[in-house]
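J.: A predicted structure for the sequence below; I have some questions about it.
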Amino acid sequence: MIVVMKKNANPNDVEAVKNKIVDMGLEVYESIGLNYHIIGMVGDTSKVDSEVFERIEGVEKVIHVQEPYKKAGRLFHPEDSIITVGDRTIGGKKLAIIAGPCSVESREQILEVAEKVKEAGAGFLRGGAFKPRTSPYSFQGLKEEGIELLKEARERTGLPIVVELMSPDKLDLFERDVDVIQIGARNMQNFELLKAVGKTTKPILLKRGLTATIEELLMAAEYIMAGGNENVILCERGIRTFETYTRNTLDLSAIPVIKKQSHLPVIVDPSHAAGIWWMVEPLAKAAVAVGADGLMIEVHNDPQNALSDGNQSIKPEKFQHLMESIREIAKLQGREI
């Protein structure tokens, strides 16, 4: 439920609304723009009588919110959110391009890739240090050593680093050393992990689960935001369907739907969506065309010998070509890289 205040409402009326919400045991969520002033109620509003608020002179109307997500929803926050990461942003006019290898494998590898993707125009460096793998016998990442190598790459290139967090017990390390904390598809509904990152102030990149609906993705974001961290970036990375040619099926329709339902920025990972390197560029172009706020692309200097996801990784020269194509499409959308 949200209370829409009249333009230039008396401050006493605003306080009266807030006090009533608190007295009901609910949380106040206030959003103020150039032409609106909204006060939302977060919690169980099923027994709230809207007339209690409608009787206050400064109240224009009371709207019952149907969607279960509140803080992630556009009704509570009509304007698009822009997430700040140091001197960079995700959301708004500028497209956020996150690129790098699936896994950090060596110092030489991560430094070479970092320099190449920066040269091509990427704004962020991705790299896996702790890897969730389907097989327990597959490469699990360099762990803490991987974080140290990513920090060195950041020092050399100036690119903020994006790293996947798998367990709350590593959160202190990530808060100290990582710029954007990624919650992977397999952990999208790991609610204890979502609650933990909700207590941080670090930007959280939340990937859609393999079989998750859009509503479930937004409710996962709600978990993080309910903990106090509203710096959430959503990521569409493909979902499981009956199609077997590709690793997953990229749900491009999710982008405009999320844009309609939520104020949070949404990016696309075309690498995991298809799982095939030559499909990355066409899917990336399509993602920008339908309004994605950025891309997350796996780039490797030697994909054939990669320790993870080599089939979906593109070489630095392919990434350079992709960036040139994306720039042209971005211009048509009134965006820039």
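T.: Here it is on my side, so go on.
J.: any idea how far the residue lying closest to V85 once chain neighbours are set aside is from V117?
T.: Nearest residue to V85 in three dimensions, chain neighbours excluded: P160, at 5.1 Å (CB to CB, 6 or more residues apart in numbering). Where you see a C-beta, it was placed from the backbone N, CA and C, and this is true even at glycine. Per CB to CB, to the nearest Å, P160 is found 12 Å from V117.
J.: what does I239 give?
T.: Taking CB to CB, one finds I239 at 27 Å from V117.
J.: that older thread, which residues do P160 and V117 both contact?
T.: Common contacts of P160 and V117, defined by CB atoms under 8 Å, 6 or more residues apart in numbering, comprise L125.
J.: between those two, who's got more neighbours?
T.: V117 (28 against 18; other CB atoms under 10 Å).
J.: which SS class is the nearest residue to the more buried one once chain neighbours are set aside?
T.: Spatial nearest neighbour of V117, excluding adjacent residues (CB to CB, 6+ apart): A99 at 4.1 Å. Put simply, A99 is strand when judged by DSSP: H, G, I helix; E, B strand; the rest coil.
J.: helices of the stretch 151-300 of the chain, start to end?
T.: Secondary structure of the stretch 151-300 of the chain (DSSP state H, counting those that start in this stretch): helices at 171-177, 191-198, 214-226, 254-261, 270-274, 280-289.
J.: which one of these lies nearest to Q109?
T.: Closest approach to Q109 among the helices of the stretch 151-300 of the chain is made by helix 270-274 (16.8 Å; CB to CB).
J.: can I get the closest one in PDB, CA atoms only?
T.: Provided in PDB are the C-alpha atoms of helix 270-274 (Å, rounded to 0.1, in the frame of the first residue of the first chain):
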ATOM      1  CA  PRO A 270      24.700 -13.500 -23.300                       C
ATOM      2  CA  SER A 271      27.600 -15.800 -22.600                       C
ATOM      3  CA  HIS A 272      25.700 -18.100 -20.200                       C
ATOM      4  CA  ALA A 273      22.500 -17.600 -22.100                       C
ATOM      5  CA  ALA A 274      23.600 -19.600 -25.100                       C
END
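J.: what average pLDDT does that helix get?
T.: What helix 270-274 shows for mean pLDDT is 95.
J.: skipping adjacent residues, who's closest to the spatially most central residue of the chain in space?
T.: Among the residues of the chain, the one closest to the centroid is I233, at 1.9 Å (CA atoms, centre = their mean). Counting by CB to CB, 6+ apart, I233 lies nearest to L205, which is 4.7 Å off, once chain neighbours are set aside.
J.: and the one you found, bridged to which residues?
T.: Following DSSP bridges, L205 is listed with bridge partners Q182, I233.
J.: let the chain start at 19 from now.
T.: All right, first residue 19 from here; so that's L223.
J.: picking up where we left off before, the residue nearest to V103 is in contact with G104, isn't it?
T.: Yes - with contacts counted by CB atoms under 8 Å, P178 reaches G104, the gap being 5.5 Å.
J.: so what sits against both of those two?
T.: Here P178 and G104 share the contacting residues D197, scored by CB under 8 Å, 6+ apart.
J.: who's in contact with R106?
T.: For R106, the contact set (CB under 8 Å, 6+ apart) comprises A114, G141, F142, P178.
J.: nearest to L52 among the residues you listed?
T.: Of all these, A114 has the smallest distance to L52: 25.3 Å, by CB to CB.
J.: pull out the buried positions in the helix ranked longest in the chain.
T.: Once the chain is assigned using DSSP state H, the helix that runs over the most residues is helix 334-350. Buried residues in helix 334-350, counted by 16 or more other CB atoms under 10 Å: P334, K336, F337, Q338, L340, M341, I344, I347, A348.
J.: tell me the confidence at the residue nearest to I251?
T.: 98.
J.: count the residues that sit near it.
T.: Counted with other CB under 10 Å, residues neighbouring L223 total 31.
J.: can you tell me how far it is from V317?
T.: Taking CB to CB, one finds L223 at 17 Å from V317.
J.: over to E130?
T.: With CB to CB as the criterion, E130 and V317 are 10 Å apart.
J.: which one of the two is surrounded by more residues?
T.: Shown here are E130 and V317; by other CB under 10 Å, V317 has more neighbours (28 against 17).
J.: hang on, the more buried one packs against F337?
T.: Yes - between V317 and F337 there is a contact at 4.8 Å, judged by CB under 8 Å.
J.: what sits in contact with each of the two?
T.: A117, K134, V135.
J.: the last one reaches F337, doesn't it?
T.: When you say that, I think you mean V135. Yes - look at V135 against F337 with CB under 8 Å: they come within range, at 6.2 Å.
J.: coming back round to it: show me what contacts the residue nearest to the centre of the chain?
T.: 101, 108-109, 114, 198, 221-224, 282-285, 311-312.
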